[in-house]
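Q: could you look at this predicted model? Sequence included:
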Amino acid sequence: MDPTDIAGRFEDEKPGRVLTGPIALALTAATLAISLLALWQVFRPMAQGSKYYLIFFLAGVLPLVFLAYPADLRLPRRLRELFAGRASSAPHATGYGGSRSTGSGGSGPSRVDWLLAAAALAGCLYPVLPIALAGGGGGYDAFLDRQGLLVGMDVAMGTVLLLLLLEGCRRTTGWILPAVCLVFLGYGYYGGLLPQTWAVAHAGLDFGQLVDAFYNSDSGFYGTPLDVAATYIVLFTIYGAVLDLSGAGRFFVNLSAAAFRRSRTAAGRTAVASGFLLGTVSGSGAATTVSIGAVTWPILRRAGYPAERAGGMLAAAGVGAILSPPTLGAAAFIIAEYLGVSYLQVLGWAVVPTILYYLGIVLSVEIDARRSGVRPAALAAGSAWRLLARSGYHFASLFAIVGLLAVGLSATRAVVLATVLAIVLSFLDRSHRLTPARLVAALSNGVRGVLAVTVVCAAAGVITATTTKTGLGPQAAALLVGAASAVSSEPAVVLALTALLAAVALSLLGLAVPVTASFVIGWVIIGPALLELGVSAPAAAMFVFYFAVLSEVSPPTALAAVAAAAVTGGRLVPTMWHTLRYALPAYLIPLAFVITPTGLGLLGIGGPRRILIAAVVTALGVAVLAVAAGGWLPGVGAAGAPERVIGGAAGLTLLWLQPVPVAIGAVLAGVMAVGVFIRRGSAGPSGGTRAGSPA
């Protein structure tokens, strides 16, 4: 199976249709127009403001969703024949119209798809309709003037757009996110019927008030999430498409192989390094997993890695794509907007956690190689220095983004200029130069890649607007803090328990909805609880961000692990558990920078001394946890069950970045090391773990 098809199957969003002929040309033209509009907005913003631009952006994107993504619903035969205008008994019929599949991505648009696309265009453009219509319309200014006083036509068109966004979400991400939106909608409408003694009760909102909040407020459809999708995300997605077509992805994998070709653990190191380098431009966990797996799984297999262990390594390395600067996941841009900081600051907060995350993976790779008797694998790679000399220019645009951000340029302008640089540099490689036709393909692919996330961000307005109108955020925060306070009145314990409860809640939420939606819901519901307990806004936001991302590796969904298992052919559940072991630091580090002030050093906050102490102590904790999880102390030998338990306790204690816990953790780590030395001595020269034994 093609790696692109595998990635599409296991991403947060479903794979779209593979269109051909005139429809494909029309879709390419539309996506090209949207990309040019987004680029134009960077340097010549619309005078009416960003919301005016968002209306046109959504009007371009939402209709394309119905054309690019199949409905995947089965209707009665007569209805299918009516909608499709042809016999529905044709083989491979899918969607509303039962149209014949054009490829692995689904079917061509049916009549209903075209009707929904037209309705989406009308619903999106209604706020700027220049003529009066049934008491509504009258232009953009007139629409804004009716905020809080919508007429019947406004409510009708807002309802149409609401339903179409929910259907767009269903097509791109499945049923769960639309169901969550409907739950919030129901809460807003029926919440007034709840007993007023309940903490989550409110006065109640009628349907017109809810539609007004969704359609004509800054917290609804056209709120911060959509603003981020239409400004930052689309431009970074275009940048990623340009880099991909210019050969950067293949270069990063080849460079990783060349750098470690003489190492005993070359296969594992290559997989991890490839995940990190591809992650700097990907921002997608499952896609990166499949990309590195397609190249490195044959190498890992030759080295003797079992399919499940290799899959866990690939999935953990791939998910690092959403954690790795300078292209973090979509939620990172929302953090910048919510907190009113530059994207460069968000990148700065992510640097140390990313290093620690990959440190944990690398240590686990080294431990596995020694415990399981992994064989050296010959890598067909030349000199890394020669490769850098020939193709190292691919790094230039990445460095340009950071440099331009550092001198004060906005993230949007920085990424556009970096994209231009990548286009120019592509002509250094004759086989990957971005000719006009390839450039059009890159722009089109970039916009098509953002269709699903745009719909998710617009639909998230249902959640944010309902939470804002009902005051659900503070109420939920009070419940969360109250649950922790019922256990202990000690402030430190309350904070730790609240963080643990929040981590569990966010992990469960992430199993159901995509990362972006998970972050938005988590921030408006759980974020206030952390802020109420004195956690700084950056720490609270990054805490929510990391646990939203971890849905990619958390059972039972674990999309990245599922994708890795599809590549390696390994058993799914063992692959998930190996992924958890490799990704363990990502679950624990966010707790460290929330529960203690010193932990802010992990986000690069608080001066050099705090940053150094936090990074060094946490790195030690990550190393000890890797030894405890892997059952091997590098350079010494196997760790038995007692040493692993002591090591686990030591690692967890070290993450509580206060003097006494750190001292206790260091002592426990020493006890673990001594225990391993004693075990090695008592085992004799032939002792240790037998090669090939399970970890």
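A: Thanks, I have the structure now.

Q: next secondary structure after the strand or helix carrying residue 234?
A: Of the helices and strands defined by DSSP states H and E, residue 234 is found in helix 234-245. Past helix 234-245, further along toward the C-terminus, the next helix or strand under DSSP H and E is helix 248-259.

Q: next secondary structure after that following helix?
A: Using DSSP H and E, the first helix or strand after helix 248-259 is helix 266-282.

Q: which secondary structure elements does the next helix or strand after that following helix sit against?
A: Using DSSP H and E, the helix or strand that follows helix 266-282 in sequence is helix 285-303. Taking 3 or more Cβ pairs under 8 Å, 6 or more residues apart in numbering; DSSP states H and E as contact, the helices and strands that helix 285-303 lies on are helix 3-10, helix 248-259, helix 266-282, helix 307-319, helix 559-568. Just so you know, the C-beta spots here come from the backbone N, C-alpha and C atoms, and that holds for glycine as well.

Q: for the second one, which outside residues touch it?
A: Translated: helix 248-259. Applying Cβ atoms under 8 Å, 6 or more residues apart in numbering, the set of residues contacting helix 248-259 from outside is 243, 266, 269-271, 273-274, 277-278, 281, 291-292, 295-296, 299, 379-384, 387-388, 391, 394, 422.

Q: ok and that helix relative to helix 285-303, angle-wise?
A: 30 degrees (axes from the mean of the first three to the mean of the last three Cα atoms, to 10 degrees).

Q: ok, residue 108 touching residue 26?
A: No: with contact defined as Cβ atoms under 8 Å, residue 108 does not count as touching residue 26 (11.8 Å).

Q: who has more neighbours out of these two?
A: With other Cβ atoms under 10 Å as the criterion, residue 108 and residue 26 differ in neighbour count, and residue 108 comes out ahead with 21 against 13.

Q: distance check, that one against residue 426.
A: Relative to residue 426, residue 108 is positioned 33 Å away (Cβ to Cβ, to the nearest Å).

Q: again, but for residue 69
A: Between residue 69 and residue 426 the distance is 30 Å, computed by Cβ to Cβ.

Q: one step back: hmm, which of the contacts of helix 248-259 are the buried ones?
A: Buried by 16 or more other Cβ atoms under 10 Å: 243, 266, 269-271, 273-274, 277-278, 281, 291-292, 295-296, 299, 379, 381, 384, 387-388, 391, 394, 422, out of these.

Q: show me where the stretch 351-500 of the chain has strands.
A: Counting by DSSP state E, counting those that start in this stretch, one finds no strands in the stretch 351-500 of the chain.

Q: by mean pLDDT, flag the weakest helix or strand of the protein.
A: Between all helices and strands in the chain, the lowest mean by mean pLDDT, DSSP states H and E belongs to strand 101-103, at a mean of 36.

Q: find the nearest non-adjacent residue to residue 129, please.
A: Residue nearest to residue 129 in three dimensions, not counting chain neighbours: residue 137, with 4.1 Å by Cβ to Cβ, 6 or more residues apart in numbering.

Q: what is the neighbour count of the one you found?
A: Residues near residue 137, counting by other Cβ under 10 Å, number 19.

Q: so it is in contact with residue 128, correct?
A: No: contact status for residue 137 versus residue 128: not in contact, 9.2 Å apart, counting by Cβ under 8 Å.
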